[in-house]
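Enquirer: When you get a sec, could you give me coordinates for this:
(chains A and B)
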Amino acid sequence: MTVATSDVVIETTARSRQLSIRQTIAMAKRSTVELARQPALIAPSMFFPIFFAVLSASSFSKTTAIPGFPKVESFMQFTLASTIVQGVLFGSVTGAAALATDIENGFFDRLLLAPTTRTGILLGRLAGSALFGLFQSAFFLAVLVPFDAPITAGIPGALVMVLSGGIVSLAIGAIMSSVAIRTGSAEAVQGAFPLLFVLLFFSSAFFPRETMSGAYKRIADINPISYLVEGLRALVLEGLTFSAVVRALLVPTVICLAAILFALKELNRKLAAL
Amino acid sequence: MSTQQNAASVAMPTTMRSARGLAHRGIRNIRRLPSAFFPAMAMPVFTMIAFAGTFAAITRLPGFPTDRSVNWFMPLGICFGAAFSGIGLGFSTIRDIETRFYDRLLMSPAPRRSLIIGPLLTAWVRVAILCAFVIPMGMLLGVRFTSGLLGLLTLVVAAIGVSTISLGWGLGLAYRFRDMRGAAVMQLTMFVVLYLSTAQMPLPLMSGWLHDVARINPATNILRLARQGLVRPDSPDYMSWSNTWGGLLAIAGMATLTLVFARRGLDKLDR
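Expert: Residues are numbered from 1 along each chain as shown, chains lettered A, B, ... in the order given. Model prediction:
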């Protein structure tokens, strides 16, 4: 009798887990299709990073001779890593803004009324962002590598870079989703974006730390974005080393886990308040 | 009010009176809606600090016209801020069109010119506030004018010029798009025009396609005008008439084009 009851409980739990996964996948599909259907929303996050990469490559081509600048074949090769991070930062905000729009227009409430998994609402949205991040990273590499920006680590290095782009997108998407859940305003999500941009600028994303000095260098030294970009850059300039792979994957993974936990906490807080 | 004052008031051209009223409204909006003005103030400060810090090492390149990166990037920040001051008024106009306030302006007997001159005066006031805030901050961060007050004057003239150009462009697009789709086009175009110039590097240190584009981009002349009082005296870009007239001509030409573009847009809206 007891064995039969526990079998039923196990079966029910397994079925409910399967259902949750199916619902999360459906939400992820929805957020991906939503992005694909609105090219005007994603175009800036595809266009601007490439524009800045091409612009910087032409503007700063002579700076590679400055003492302390790493050995590179071109400035474009140097800027490849920062282009991925910059593009993914731009792109992941779009997903979070869409979540805030769902809250604004009441779709989020309808999801809550339906017998859906609560975490799936958030994780599905984040999965959509991560997929878009993977796509963006692959796109940037495909467009920029032919322009004198070879990846020393070869195809495995490029794959690690794409994967890292996806994780960064997930992490930023989670941070911005927390803002979306807390405020329920797409405008607030867009308003919080410049803070990320400031974080990116006060790192070694656009110029090497070795050429910086004073307070600016100290800020770049403690900024986690510096280590993330430098990990990706090491794959481009040095090759497939253990240290480069760890930096390229570990830094965004740690940020990502913390950000997802925080976003889930925000979601639970919102649900408890209903 | 005395009879003399009344007479003076009547004599004042109607255009200027209406424009002054609209300018007052625009200036009051700075206080009432600071979030709309904030980007125009934050942008130059951020550009100055972030660019000067990130790209500080470029001053070590032989032939770079100054040894202080903040001297090079403060004028860029101010020009960005001035551009956003003008564009911000384009946003306000879109909002007025969407909320139908603009219909009431068009129904009033105010001369059409005043609908452009009013925001223009507001843009200039915004630039004055911007310069009064950013220049002292830049000086605290190490900016030094190498040609004294004349350098300050050319920088302010360049900023006013950029705000005039961006205002004309912003209004012209606002009258044509009539909704917030126009806002993205305004920002994007001003951003691209300023970046495709000597925004980051002096012309002799550039290479490739950007060098060719920057050479013919009028924004290069405006930036040269803005920076001439901040570069080393032995630099070819130092304060001189030859570094001034190109910038003034670029401002006059671009401002005329964009203001005519705005006026034609207004006429279309009126019809």
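
Enquirer: Disregarding flanking residues, what is the spatial nearest neighbour of residue 120?
Expert: Because you didn't say which chain, this covers chain A. The shortest distance from A:Gly120 to any non-neighbouring residue, by C-beta to C-beta, 6 or more residues apart in numbering or on different chains, is to A:Thr24 (3.8 Å). C-beta: built from backbone N, CA, C; applies to glycine.

Enquirer: meant chain B, my bad for not saying
Expert: Sequence neighbours aside, B:Leu167 is the residue nearest to B:Leu120 in space, at 5.7 Å (criterion: C-beta to C-beta, 6+ apart).

Enquirer: Now for the one you found: which residues touch it?
Expert: Applying C-beta atoms under 8 Å, 6 or more residues apart in numbering or on different chains to B:Leu167 gives the contacts B:85-87, B:89-90, B:119-120, B:123, B:258, B:262.

Enquirer: The same query, at a cut-off of 6 Å, please.
Expert: Counting by C-beta atoms under 6 Å, 6 or more residues apart in numbering or on different chains, B:Leu167 touches B:86, B:89, B:120, B:123.

Enquirer: For the last one, give me its contacts.
Expert: So the one you mean is B:Ala123. Listed by C-beta under 6 Å, 6+ apart, the contact set of B:Ala123 reads B:85-86, B:89, B:163, B:167.

Enquirer: Could you identify the most distant pair in those residues?
Expert: Farthest pair in these (C-beta to C-beta) is B:Leu89 and B:Ser163. Separation: 8.9 Å.

Enquirer: quick check, nearest of the contacts of B:Ala123 to chain A?
Expert: B:Ser85 (17.6 Å; C-beta to the nearest C-beta).

Enquirer: ok, the closest one - how many residues close by?
Expert: As a burial measure, B:Ser85 scores 31 neighbours (other C-beta atoms under 10 Å in any protein chain shown).

Enquirer: Quick check on it: phi, psi?
Expert: B:Ser85 adopts backbone torsions of phi -60, psi -50, taken as degrees, to the nearest 10.

Enquirer: Next, B:Ser240: secondary structure please.
Expert: coil (DSSP: H, G, I helix; E, B strand; the rest coil).

Enquirer: Quick check: closest non-adjacent residue to it.
Expert: B:Ser240 sits nearest to B:Gln228 (C-beta to C-beta, 6+ apart), 7.2 Å away.

Enquirer: Hmm, B:Asn243 and the one you found touching each other?
Expert: Yes: when contacts are counted by C-beta atoms under 6 Å, B:Gln228 is listed as touching B:Asn243 (4.7 Å).

Enquirer: Stretch A:136-150 and chain B in contact?
Expert: No: Stretch A:136-150 lies out of reach of chain B by C-beta under 6 Å from any C-beta of the partner chain, never closer than 10.7 Å.

Enquirer: Could I get the buried residue list for that stretch?
Expert: Across stretch A:136-150, burial judged by 16 or more other C-beta atoms under 10 Å in any protein chain shown covers A:136-141, A:143-145, A:149-150.

Enquirer: For those residues, name the two members farthest from one another.
Expert: Top of the distance list for these (C-beta to C-beta): A:Gln136 and A:Pro150, 20.2 Å.

Enquirer: In helices, which of the contacts of B:Leu167 fall?
Expert: Residues of the contacts of B:Leu167 located in helices (DSSP state H): B:86, B:89, B:120, B:123.

Enquirer: Next one: A:Thr13 from chain B, what distance?
Expert: Per C-beta to the nearest C-beta, to the nearest Å, A:Thr13 is found 49 Å from chain B.

Enquirer: got it, and A:Leu113?
Expert: Remark: distance between A:Leu113 and chain B (C-beta to the nearest C-beta) = 32 Å.

Enquirer: tell me which parts of chain A are close to chain B?
Expert: For chain A, the contact set with chain B under C-beta under 6 Å from any C-beta comprises A:55, A:58-59, A:61-63, A:66, A:201, A:206-207, A:211, A:216.

Enquirer: Between those residues, which sits nearest B:Arg112?
Expert: If you rank the residues of chain A next to chain B by distance to B:Arg112 using C-beta to C-beta, A:Leu55 comes first, at 39.2 Å.

Enquirer: where does the closest one land in three-state SS?
Expert: Using three-state DSSP, the three-state assignment for A:Leu55 comes out as helix.

Enquirer: quick one: contacts for it?
Expert: For A:Leu55, the contacting residues are B:Tyr195, by C-beta under 6 Å, 6+ apart.
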